[in-house]
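Undergrad: Sequence and predicted structure below; questions after.
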Amino acid sequence: MHSFLPLLALAAAATASAAAVLPPCNANNPFLHRTQYANSAYAAKLEQTIASFTAQNDTLNAARTRTVQSASTFIWISDFAGVRSFETHLAEAQRAGRRTPGKKLLVPFVVYNLPDRDCSAKASAGELSLDDGGEEKYRLFVDEVAAAIRPYDRLEFAVILEPDSLGNAVTNMANERCAKAAPAYKRGVAYAIQKLQQRNVALYIDAAHSNWLGWPGNLEPTAKIFGEVLSLANGNATANSTAATNKIRGFATNVSNYNGYNPSTPDPIYGAGPDNPNWSELRYAHALTPYLAAQGLPAQFIIDQGRSGVQNLRETGGNWCNIDGAGFGRRPTAATGDCSVDAIIWGKPGGESDGTSAANATRFDENCVSEDAKTPAPEAGAWFDEFVQMLVKNANPLLEPTYLGRRA
């Protein structure tokens, strides 16, 4: 018996040594040990909200809004003019990076300008039309985005590609407009993947959210469409082929939506059972993973929690516009508690409207006057001050106040 003790001790030492050199979970996470850029344009918009709280003698929530000013939100490049303003952000980020040379700065942004964008809704319709050369114009748009970031090799980028587009290609093909747009969506996202292949760029395809593509019957079709897009991006080579050199990092979920990351109980919007077993964004990510693997796709995720601080708000899960009672959610972080989730993000800048409630507006969508919507509301993208005041008051976790002259 005693003769085995040295062998056991040696084995234990070898195990301990192996454990010591194993890389940590998700060690190549592009968000890990990075400082996320907080853009000054969003901070400037929040000054209106700070002024509103100050006028109400609400110094606490004014101070909490100052804390939001330092949060990183994704920059949306949603038209050609947006590329010009994005270049201003890039210059600002580079200056910030030079002031802190020991830190790596990550600039997060969204590419959102496909032709006939948002085919199943009206509120976020874009500038490009398939009937007016939109597909060729979109390629020029992507070329401009790629050219804008190319000189900034000391910055790093996390990019979400085209929210809602491929989700519509999965579930809304009975909609004539979506059926027409879906092939162009696939080709457009594939082109963006090709053109944004830089060593300092992490690409995430939008994967809608748990109460849309997360239903069990949608998981395999979703992964197959993603596989099709990666194949298009690689000259019809399969995603796991050695010929497939154009890569993505993973997928983004819940962008601009309100679902929870990993709540302890299901929101009623998932059905009484719950009918959808994937009743959180984390459950959806886990459920989608084997289907992605079957397509040779990476199963890494970033999950938007910018406006997900309050759950159990909606009468209907299909309601997505300016949800009344919402609050800021978990702060952007790479400390996600799950190896498959690179980061919790604020993808939608809280305070920018989801869509107008004015019935006579060109981009009016009835969802923006639903029983769950906060009204009156301005056009999509416009500053909705009453809404952001609500987000601050309802934030969960609570926002720490930042008083003038102090840090949060």
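TA: Looks like it came in fine. Predicted model only: the values in this text are computed from it and were never measured. Numbers count the residues shown, from 1 in each chain.
Undergrad: Ranking helices and strands of the chain by mean pLDDT, which lands last?
TA: Counting by mean pLDDT, DSSP states H and E, the chain has its least confident helix or strand at helix 5-21, which shows a mean of 39.
Undergrad: Okay, buried residues for the next helix-or-strand element following that one please.
TA: Later in the chain than helix 5-21, the nearest helix or strand by DSSP states H and E is strand 34-36. By neighbour count on 16 or more other CB atoms under 10 Å, the buried set for strand 34-36 is 34, 36. For every residue, glycine as well, the C-beta is placed using N, CA and C.
Undergrad: swap in stretch 115-123?
TA: Buried residues in stretch 115-123, defined by neighbour count with 16+ other CB under 10 Å: 115-119, 121-123.
Undergrad: Arrange these in CSV, one row each, with pLDDT, secondary structure and distance to Ser357 as further columns.
TA: Output for those, formatted as CSV (pLDDT from 0 to 100; DSSP: H, G, I helix; E, B strand; the rest coil; distance: CB to CB, whole Å):
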residue, pLDDT, secondary structure, distance to Ser357
Pro115, 97, coil, 27
Asp116, 96, coil, 24
Arg117, 95, coil, 21
Asp118, 90, coil, 17
Cys119, 93, coil, 21
Ala121, 83, coil, 14
Lys122, 78, coil, 13
Ala123, 74, coil, 10
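Undergrad: how about a markdown table for those, with distance to Glu400 added?
TA: A markdown table is the format used below for these (distance: CB to CB, whole Å):
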| residue | distance to Glu400 |
| --- | --- |
| Pro115 | 43 |
| Asp116 | 43 |
| Arg117 | 37 |
| Asp118 | 36 |
| Cys119 | 41 |
| Ala121 | 36 |
| Lys122 | 38 |
| Ala123 | 33 |
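Undergrad: List just the nearest of these to Glu144.
TA: Pro115 (15.4 Å; CB to CB).
Undergrad: Correct me if wrong: the closest one contacts Leu130.
TA: Yes. Counting by CB atoms under 8 Å, Pro115 touches Leu130, with 4.7 Å between them.
Undergrad: just the strands in the stretch 201-350 of the chain please.
TA: 201-206, 250-253, 301-304, 341-345 (DSSP state E, counting those that start in this stretch).
Undergrad: All the helices of the stretch 1-150 of the chain, in order from the start?
TA: In the stretch 1-150 of the chain, the segments counted as helices under DSSP state H, counting those that start in this stretch are 5-21, 40-55, 59-68, 80-99, 134-149.
Undergrad: So for Pro376, which of the ones you listed sits nearest?
TA: Closest approach to Pro376 among these (CB to CB): helix 40-55, 15.9 Å.
Undergrad: right, and Asn257 touches Asn319 too?
TA: No. Asn257 is beyond contact range of Asn319, at 10.3 Å (criterion: CB under 8 Å).
Undergrad: who has more neighbours, these two?
TA: Asn257 (25 against 19; other CB atoms under 10 Å).
Undergrad: ok, so what distance separates the more buried one from Trp279?
TA: The gap separating Asn257 from Trp279 is 14 Å, by CB to CB, to the nearest Å.
Undergrad: So what touches stretch 82-101?
TA: With contacts defined as CB atoms under 8 Å, 6 or more residues apart in numbering, stretch 82-101 is touched by 35, 37, 39-41, 75-77, 103, 105, 107, 109, 113, 141, 144-145, 148-149, 152, 154-155.
Undergrad: Report the buried members of those residues.
TA: With burial judged by 16+ other CB under 10 Å, the buried subset of these is 37, 39, 75-77, 105, 107, 109, 113, 141, 144-145, 148-149, 152, 155.
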